[in-house]
Structures are given as C-alpha cells and as structure tokens.
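*Asks:* need a 3D model of the sequence below.
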Amino acid sequence: MSASQGPDAWQLFERGASGYEAWYSTRRGRRADLAERALLERLLARFATAQSALDVGCGTGHFTRWLAGRLPKVIGLDRAPAMLRQARRLDPRVRLIEGDAHHLPLRDRAVDLSLLLFTLEFVDRPAGVLAEAIRVSRRGMVAVTLNRWSLGGLSRRWGSDALRPVLGHAVDFTLSSLRASISAAAGPRLRTLRWASTLLGGETTVPMHLPLGDVIGIAIELAA
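*Replies:* Below you'll find the predicted structure:
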C-alpha cells in the first residue's frame, strides 16, 4: 500500500456525489458492477445465515441497496452528507447513518457482518478502519479493494485514471498487504481468510483465484 491520504479525503466524494452513481450506467461501469457483485456473492456465501450487515463507506448506497435484498437488516454508513442524500433519494427505504469509519457509532459485535467495499483506499488510517469494522462484527468481515498490481493499478498511477478526481487519489492495495493488514487487525479472532479477484482484462466477470484482477476481495470468519 502506498502513503495515506490527507484528513480531507472524504471530501472528494462530497464534491462528486451528484454524478457518482451515473458511472454505473457506462459500459465500463456496467461490466465492473457485474464482476463486483459476482465477487461479493462468492465471498458472502460463507455467511449464508447472516442476518445483519454494516456497509462502511456506503457512498450513494449502490451496494447497500443490493445487500438489502439479501439480508434482513442492512445499515449503510458514510462520512459525506452529500453521498447520503443521494443514497436516500435513490431508495428512501434503506437505513443510513452518517459516521466516521475510524470511529463507528456501534457497540462491539453489533452486526453479523461488516463490509468495506472500496472504502480502505480513501481513508486516513486503514488499519484503524479495519480494527473498527472487526470490532462491531460478530461473524465476519468482507473487504473489496482496488488491486495495486493490476492493469487498473498501473492506470491509476501513470495512465488516464491518474487524472480522474476520485480514482487518481486511491491508495490501492496488493493482496499481500491487504491480507497482512486484515490479519493484524483481527488478531486472535481470525478463524479463516479466503480471497478472490476479478476484472482481469477482456469481458470476463467471473471471480478467480489469481491475484491480478483489478479488484481483490477478502472474506474473514471471526471467532465469537
């Protein structure tokens, strides 16, 4: 992982909230959405009986809405008020709260699962955010991040994506750095860790056990 962003990283999303969801209607966005949902399906299969989840850094609620169709109780949390306003406009039924991922306003083990979906790349202290997500989780955690060692990672550093207002500021991860960070945050509560990646060129959207896709996902099971 490269150096952390400054204390106002969340304001990137505050300023770009109005157009954020529109990206998913582009050709690239539709392909990414299909691939990322397939990856999430694979990771969440380990928690088939989970009843509740916290989507940390939910933004406009894109994945929060999807999760709400699969679990009885889903809460989305974000630091940017403008993103939450967009999320409420898109679906007023989804439960949303404003809060800081570094200091989650939930008690210990309040939900079955916590999810960090493209959140760690844009926080000031990823280790602290991971620790908080694990603290509030009873059964497990799922993290999905941009992969530093991928074609997308090269573009974010030196290509066209480096000029984009959000992607150009992403602090992406390698599989090894993400595994190490999660293992350190979970400590003795870590029971199992499983990973997969997706978006490896072409049109395929199938998750794979190859750490070269643009996106990496990790699911961990926690000891109660």
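*Asks:* looking at this, E221 is in a strand?
*Replies:* Yes. Checked against DSSP: H, G, I helix; E, B strand; the rest coil, E221 lies within a strand.
*Asks:* for it, which residues make a bridge with it?
*Replies:* When bridges are called by DSSP bridges, E221 pairs up with G140, T192.
*Asks:* against V94, how distant is it?
*Replies:* With distances taken as C-beta to C-beta, to the nearest Å, E221 is found 26 Å from V94. Where you see a C-beta, it was placed from the backbone N, CA and C, and this is true even at glycine.
*Asks:* need the contact list for the residue nearest the centre of the chain.
*Replies:* Nearest to the geometric centre of the chain sits L117, at 1.0 Å (C-alpha atoms, centre = their mean). For L117, the contact set (C-beta atoms under 8 Å, 6 or more residues apart in numbering) comprises 36, 40, 55, 57-58, 63, 142-144.
*Asks:* quick check: bridge partners of it?
*Replies:* Beta-bridge pairing for L117 (DSSP bridges): V144.
*Asks:* any idea of the pLDDT on it?
*Replies:* Note for L117: predicted pLDDT of 98.
*Asks:* pLDDT on stretch 21-41, on average?
*Replies:* 93.
*Asks:* which residues does that stretch contact?
*Replies:* With C-beta under 8 Å, 6+ apart as the criterion, stretch 21-41 contacts 60, 62-63, 66, 86, 90, 117, 142, 144, 196-199, 203-207, 214-215, 217.
*Asks:* strands - which of these land there?
*Replies:* In strands, defined here by DSSP state E, the members of those are 117, 142, 144, 196-198, 215, 217.
*Asks:* let's have the residues you listed in JSON lines, adding distance to V136.
*Replies:* As requested, these are exported to JSON lines (distance: C-beta to C-beta, whole Å):
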{"residue": "L117", "distance to V136": "16"}
{"residue": "V142", "distance to V136": "13"}
{"residue": "V144", "distance to V136": "18"}
{"residue": "A196", "distance to V136": "24"}
{"residue": "S197", "distance to V136": "26"}
{"residue": "T198", "distance to V136": "27"}
{"residue": "V215", "distance to V136": "24"}
{"residue": "G217", "distance to V136": "20"}
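*Asks:* in ChimeraX, select just the buried ones from these.
*Replies:* Only the buried entries of the ones in strands among the contacts of stretch 21-41 go into this ChimeraX selection, using 16 or more other C-beta atoms under 10 Å:
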select :117,142,144,196,197,198,215,217
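*Asks:* the lengthiest helix in the chain vs strand 215-222, what angle?
*Replies:* As assigned by DSSP state H, the longest helix anywhere in the chain is helix 27-44. Interaxial angle, helix 27-44 versus strand 215-222 (axes from the mean of the first three to the mean of the last three C-alpha atoms, to 10 degrees): 20 degrees.
*Asks:* and helix 27-44, C-alpha only, in CSV?
*Replies:* This file holds the C-alpha atoms of helix 27-44, laid out as CSV (Å, rounded to 0.1, in the frame of the first residue of the first chain):
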residue,chain,number,x,y,z
ARG,A,27,-20.1,0.4,-20.4
ARG,A,28,-17.1,0.2,-18.1
GLY,A,29,-19.3,0.7,-15.0
ARG,A,30,-21.8,-2.0,-16.0
ARG,A,31,-19.0,-4.5,-16.5
ALA,A,32,-17.4,-3.6,-13.2
ASP,A,33,-20.8,-3.8,-11.4
LEU,A,34,-21.5,-7.3,-12.7
ALA,A,35,-18.0,-8.5,-11.8
GLU,A,36,-18.0,-7.0,-8.3
ARG,A,37,-21.5,-8.4,-7.5
ALA,A,38,-20.3,-11.8,-8.6
LEU,A,39,-17.3,-11.5,-6.4
LEU,A,40,-19.5,-10.4,-3.4
GLU,A,41,-21.8,-13.4,-4.0
ARG,A,42,-18.8,-15.7,-3.7
LEU,A,43,-17.4,-14.0,-0.6
LEU,A,44,-20.8,-13.8,1.2
